[in-house]
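> Just a sequence and a predicted model for now, questions to come.
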Amino acid sequence: MGKARNRKHPPRDSFRRQIDYLRVSITDRCNLRCVYCSPKRKKTHFAPSDLLTLEEIARFVRTAHRHGLRKVRITGGEPLLREDITGIISAIKEIGVPDISLTTNGVLLARRARELKAAGLDRVNISLDTLNPVRYSEMTGGGDINRVWEAIDEAEATGLSPVKINVVPIRGINDEEVMDFAALTLGRDFHVRFIEYMPVGRTSICLKGVCVKKDELMEKISTLGSLRKLPFKGKGPSRNYRLEGAEGIIGFISPISEHFCDYCNRLRLSPSGMIKPCLLSDIQIDIRTPMRRGITDEGLEKLFLKAVSVKPEKHKLSEQGSLVDLPSMSEIGG
Ligand code: SAM
């Protein structure tokens with residue numbers, strides 16, 4: 001099926017939010033073991049046959065695109081561990097989705113950036129929680145920071161830009177580096193995004209008191225210069241600012257201190273084919289079993305619309321109330 005221009009308005013959920021964004025986690029495997037993301041105990045992974053295939057992912061994206069889907073983000077686990085990542089991106093591009101992005105730790109990106117761009121990838125978010133090579137290795141279970149910097153440079157050179165750098169500040173681990181990260185935006189057009197730590201899953205860090213909230217981050221960063229608020233375009237969780245004279249942007253994603261559920265426009269698809277209407281709820285709708293049993297396109301469309309209609313109004317996460325029983329982010333795709 002060819003590229004189709006989509007004139008349809010995205011569906012609204014029960015709280016009048018238009019749902020036009022899908023985050024697809026394509027694997028639960030990762031080549032790093034970040035302290036706040038990977039489960040503490042050794043995890044069993046999905047068998048290859050449990051994962052949605054390229055064709056199944058494309059079929060679901062096509063269904064959502066018939067209903068006005070405008071944006072897809074590929075995540076994981078580490079999405080670049082999937083051999084067919086380029087094929088997945090081309091298939092989504094071919095369907096006609098206007099905006100395709102990828103969240104990655106960057107370790108495997110440098111050598112594939114060009115091929116991914118050619119397949120239709122628009123932008124990348126690269127996760128980098130420290131600028132210190134030794135700490136990087138400690139926080140990630142042995143990762144090499146040089147490969148991440150190569151990836152950042154290559155992503156910029158290839159036009160997968162602006163490169164967004166995701167940082168999760170964690171008290172006592174990397175919080176003293178917040179200003180160094182903010183200073184990166186002075187000389188280069190990076191979008192550095194500080195994400196508040198969400199206490200989800202059984203990871204190896206102590207859950208309480210480690211989240212560094214937006215107000216504290218802004219106070220620290222303001223010592224570098226004045227932070228000007230940029231207009232909010234009404235989509236996405238990041239609230240953006242620019243340091244005076246800076247090339248790049250600083251964003252704050254604050255699920256703990258500022259719920260952004262009122263603006264949430266997304267559904268998630270898990271590696272094993274569960275639609276999750278909210279990252280932080282256990283509601284999920286299986287599409288893999290029905291697809292493998294021959295569900296019609298109309299039937300699949302009904303499951304998509306059902307997922308939209310059961311999207312919860314807001315998440316119930318607070319710093320005190322951790323959701324240890326949800327799968328860790330490395331599985332759901334943060
Ligand atoms: N492997 C890829 C990567 O490292 O970017 C994609 C998956 S990772 C789960 C996606 C994002 O979720 C990363 O930017 C990571 O920092 C963020 N993340 C993971 N656990 C988190 C948590 N408990 N709270 C906030 N963000 C988290």
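Noted; the coordinates are in hand. Nothing here was measured: the structure is a model prediction, and the numbers come from that model.

> Could you tell me which residues of the stretch 1-150 of the chain lie near the ligand?
Cys30, Tyr36, Cys37, Thr75, Gly76, Glu78, Thr103, Thr104, Asn105, Ser127 (CB under 6 Å from any ligand atom). For the C-beta atoms, the positions are set from N, CA and C on the backbone; glycine is no exception.

> and of those residues, the nearest to Gly236?
Thr103 (13.4 Å; CB to CB).

> Need the pLDDT of the closest one.
The score at Thr103 is 98. That number is its pLDDT.

> Quick check, it in contact with Val163.
No: using CB atoms under 8 Å, Thr103 makes no contact with Val163, being 11.9 Å away.

> if I look at these two, which residues touch both of them?
Val124 (CB atoms under 8 Å, 6 or more residues apart in numbering).

> show me what contacts Arg135?
Per CB under 8 Å, 6+ apart, neighbours of Arg135: Ile173, Asn174.

> ok, it to Val167 distance?
13 Å (CB to CB, to the nearest Å).

> Give me the common contacts of those two.
Joint contacts of Arg135 and Val167 (CB under 8 Å, 6+ apart) are Asn174.

> what's the burial count for Gly187?
Per other CB atoms under 10 Å, the neighbour tally for Gly187 reads 10.

> That one and Glu247 touch, don't they?
Yes: contact criterion CB under 8 Å: Gly187 and Glu247 qualify, at 6.3 Å.

> tell me the phi and psi of the residue lying closest to Arg239 once chain neighbours are set aside?
In this structure, Arg239 finds its nearest non-sequential neighbour in Phe252, 5.2 Å apart by CB to CB, 6 or more residues apart in numbering. With angles defined as degrees, to the nearest 10, Phe252 sits at phi -120, psi 130.

> Can you verify my assumption that Phe252 contacts Gly236?
No: using CB under 8 Å, Phe252 is not in contact with Gly236; the gap is 11.7 Å.

> and the two? which has more neighbours close in?
Neighbour totals were compared for Phe252 and Gly236, and Phe252 leads with 22 against 17 (other CB under 10 Å).

> Show me where the stretch 1-150 of the chain has its strands.
Along the stretch 1-150 of the chain, the stretches classed as strands by DSSP state E, counting those that start in this stretch are 21-25, 71-75, 99-104, 123-127.

> Report the mean confidence score over the first one.
Looking back up the chat, that one is strand 21-25. On average, strand 21-25 scores 97.

> Check the last one too.
Strand 123-127 shows an average pLDDT of 98 in the prediction.

> what sits against Leu303?
Ile275, Ile285, Ile287, Pro290, Ile295.

> The residue nearest to Arg239 and Lys164: what is the separation?
13 Å.

> Next: Val35.
With CB to CB as the criterion, Val35 and Lys164 are 22 Å apart.

> which residues in the stretch 101-250 of the chain form helices?
113-119, 133-140, 145-158, 178-187, 214-221 (DSSP state H, counting those that start in this stretch).

> what sits up against the longest one?
Residues external to helix 145-158 that are found in contact with it (CB under 8 Å, 6+ apart): 104-110, 113-114, 117, 124, 126, 128, 130-133, 136-137, 161, 163, 165, 188, 190.

> can you do 6 Å?
106-107, 109-110, 113-114, 117, 124, 126, 128, 133, 136, 163 (CB atoms under 6 Å, 6 or more residues apart in numbering).

> Tell me which of the contacts of Leu303 fall in strands.
Ile275, Ile285 (DSSP state E).

> Give me the pLDDT for Lys43.
72.

> Over to Ala64?
98.

> Same question for Met329.
74.

> What spatial separation is found between Phe15 and the ligand?
Phe15 sits 24 Å away from the ligand, going by CB to the nearest ligand atom, to the nearest Å.

> Count the residues that sit near the residue nearest to that residue when sequence neighbours are not counted.
Nearest residue to Phe15, sequence neighbours excluded (CB to CB, 6+ apart): Glu313, at 5.2 Å. Neighbour count for Glu313, taken as other CB under 10 Å: 12.
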